[in-house]
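A.B. asks: My questions are about this predicted structure, shown below with the sequence.
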Amino acid sequence: MVYTRKDVSTLTRSERHRFVNALLEVKRRGEYDEFVRTHIEYYRSDGEIGLRVAHMAPTFLPWHRKFLLDLEEALRRVDDSVTVPYWDWTRNRGTTAVPWTADLLGGTGRRSDRQVMTGPFAFRNGQWPIEVGITDTEFLTRDLGRSRDPIALPRAGDLERALDDPVYDAAPWNSTSAKGFRNKLEGWGPGRGAVSWLTHNRVHRWVGGHMVGGASVNDPVFWMHHAFVDLLWSRWQRRHPNARYLPVKPPALGNPQRGRVVARHEPMPPWDVTPDSLEDLSGIYRYA
Amino acid sequence: MAALGMTPAPFLVASRSAGAEETRFDETYRGRRIVGVRHDDGPSGGGAFGTWHVAVDGRPLHLMRRADGSWMSMVDHYQSYETPLAAARAAVDELGPTAQLGAPGDRSSRTEDSRTPSGCEGAERDHRRGVHA
């Protein structure tokens, strides 16, 4: 039975309630923090040695697709009516509109310490303590729009640059790849500072607080953001029906990227699945 | 699904020489002490590699190298900086006035030995606890 992931701005009051409750229950069961750990564990940068799968790599999209699917399965074990909604940040751009309402994710953090004070994930409600992180902060933090030096969310026009690229990814298969849909969507731009934060990366910065660090999964907006990124991959596939995941084969002997990226038919840790097997999941879910 | 068969991300980052002659920094930035020490005994390749130990208030800051030679930290994962010092300052900006590196709940269990003068040995232990708490 194919289920539907909806635009978060279209959820009914009951759907919002059930989504939030499923998240809180997955957290209560201790399953949620495993997702936070995994994301920290797998954040490898491309100037280091070893295999990269989650970021700065062709598998950025299939890795997060599978990660999202695992979280969604955990939510659906609690309530099988729940799916992960997507946040279209090209349309829902306000700091007080959806998804930042008191019945969904709550609002931005307070000025003094960026602590989220409203909504179900506020520390004072006792249901969303931060248990896994890289600082000693025990409450969820945000700084929507980056108040100390404001930036804007990406616009639809910014996405066109990525969606128009007919090639999935290109050598050297990392954060310096100037061509290819994957890096244009992941958002490692040339240069330094705000001009170099594009698309996916820029949204992490716009939300701020936990979303800027390795423990970004602590903010449940992580899933809505990545559901939209995943939708954009599907949209790109429809626009370029003959384009596939690249690379097809592992980089050749002597290539510095050999052993550092996953080719189309190789297993992608921590799962025993290949990028090939994740390119078309239309038998599991679709986007409304 | 967590961490199957993966070794923990190393605290020491293998990297090419930054080109600059600097091998250490020690400053107070926005009230935080930032210490960085470069070692040239990297794990592979010998002289062309250097590794940096960086600590904020005596607690380790895990730096990662990007392919373009810039640096990023665990606190600030979606952009990178020209130097380890710039990455450390940006991490302080991101920490804000009250947060410390470590793991949630560390505040009550902090001990003196996690604040060695170099900010390295005790801090490394803390770092691992932080990542794998």
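C.D. replies: Received, thanks.
A.B. asks: What segments of the chain are strands?
C.D. replies: In the absence of a named chain, this looks at chain A. Assigned by DSSP state E, chain A shows strands spanning A:3-5, A:285-287.
A.B. asks: nope, chain B
C.D. replies: Using DSSP E, strands in chain B cover B:15-16, B:24-29, B:32-39, B:49-56, B:59-60, B:63-65, B:71-73, B:76-81.
A.B. asks: So for chain A, which of the ones you listed sits nearest?
C.D. replies: With C-beta to the nearest C-beta as the criterion, chain A lies closest to strand B:63-65 of the strands of chain B, at 3.0 Å. No exception for glycine: its C-beta is placed from N, CA and C like everyone else's.
A.B. asks: Identify whichever of the strands of chain A lies nearest to chain B.
C.D. replies: strand A:285-287 (18.8 Å).
A.B. asks: So which other helices or strands are in contact with that closest one?
C.D. replies: With contacts taken as 3 or more C-beta pairs under 8 Å, 6 or more residues apart in numbering or on different chains; DSSP states H and E, strand A:285-287 sits against strand A:3-5.
A.B. asks: just checking, what packs against the strand it packs on?
C.D. replies: Contact partners of strand A:3-5 among helices and strands, from 3+ C-beta pairs under 8 Å, 6+ apart: strand A:285-287.
A.B. asks: Quick check: the residue in chain A that chain B sits nearest to vs residue A:195, distance?
C.D. replies: Chain A approaches chain B most closely through residue A:47 (3.0 Å), counting by C-beta to the nearest C-beta. With distances taken as C-beta to C-beta, to the nearest Å, residue A:47 is found 21 Å from residue A:195.
A.B. asks: Please apply the same query to residue A:178.
C.D. replies: Residue A:178 is 15 Å from residue A:195, by C-beta to C-beta.
A.B. asks: Out of the strands of chain B, name the one with the poorest average pLDDT.
C.D. replies: Comparing mean pLDDT over the strands of chain B, the weakest stretch is strand B:15-16, at a mean of 39.
A.B. asks: who's more crowded, residue A:47 and residue A:195?
C.D. replies: residue A:47 (23 against 9; other C-beta atoms under 10 Å in any protein chain shown).
A.B. asks: Now that we're looking at that one, what pLDDT does it have?
C.D. replies: Per-residue pLDDT puts residue A:47 at 93.
A.B. asks: Just to check, it is in contact with residue B:67?
C.D. replies: Yes: under the criterion of C-beta atoms under 8 Å, residue A:47 makes contact with residue B:67 at 5.1 Å.
A.B. asks: For burial, what's the neighbour tally of the nearest residue to residue A:206 once chain neighbours are set aside?
C.D. replies: Closest residue in space to residue A:206, ignoring its immediate chain neighbours: residue A:153 at 5.3 Å, by C-beta to C-beta, 6 or more residues apart in numbering or on different chains. By other C-beta under 10 Å, the residues close to residue A:153 number 19.
A.B. asks: List the residues that contact residue A:153.
C.D. replies: Contact partners of residue A:153, counting by C-beta atoms under 8 Å, 6 or more residues apart in numbering or on different chains, are A:89-90, A:93, A:202-203, A:206.
A.B. asks: From the centroid of chain A, which residue is nearest?
C.D. replies: Note on chain A: the residue nearest the mean C-alpha position is residue A:226, at 3.0 Å, using C-alpha atoms, centre = their mean.
A.B. asks: which ones are touching that one?
C.D. replies: Residue A:226 makes contact with A:64, A:67-68 under the criterion C-beta under 8 Å, 6+ apart.
A.B. asks: likewise residue A:29?
C.D. replies: Contacts of residue A:29 (C-beta under 8 Å, 6+ apart): none.
A.B. asks: From residue A:22, how far out is it?
C.D. replies: Distance, residue A:29 to residue A:22, using C-beta to C-beta: 11 Å.
A.B. asks: list residues touching both of these two?
C.D. replies: What both residue A:29 and residue A:22 touch, as defined by C-beta under 8 Å, 6+ apart, is an empty set.
A.B. asks: near chain B, which residues of the stretch 1-150 of chain A?
C.D. replies: Taking C-beta under 8 Å from any C-beta of the partner chain as the contact definition, the stretch 1-150 of chain A meets chain B at A:34, A:37-38, A:40-49, A:56, A:70, A:112-114, A:129-138.
A.B. asks: Can you flag the buried ones in those?
C.D. replies: Buried members of the residues of the stretch 1-150 of chain A next to chain B, counted by 16 or more other C-beta atoms under 10 Å in any protein chain shown: A:34, A:37-38, A:40-48, A:56, A:70, A:114, A:130-138.
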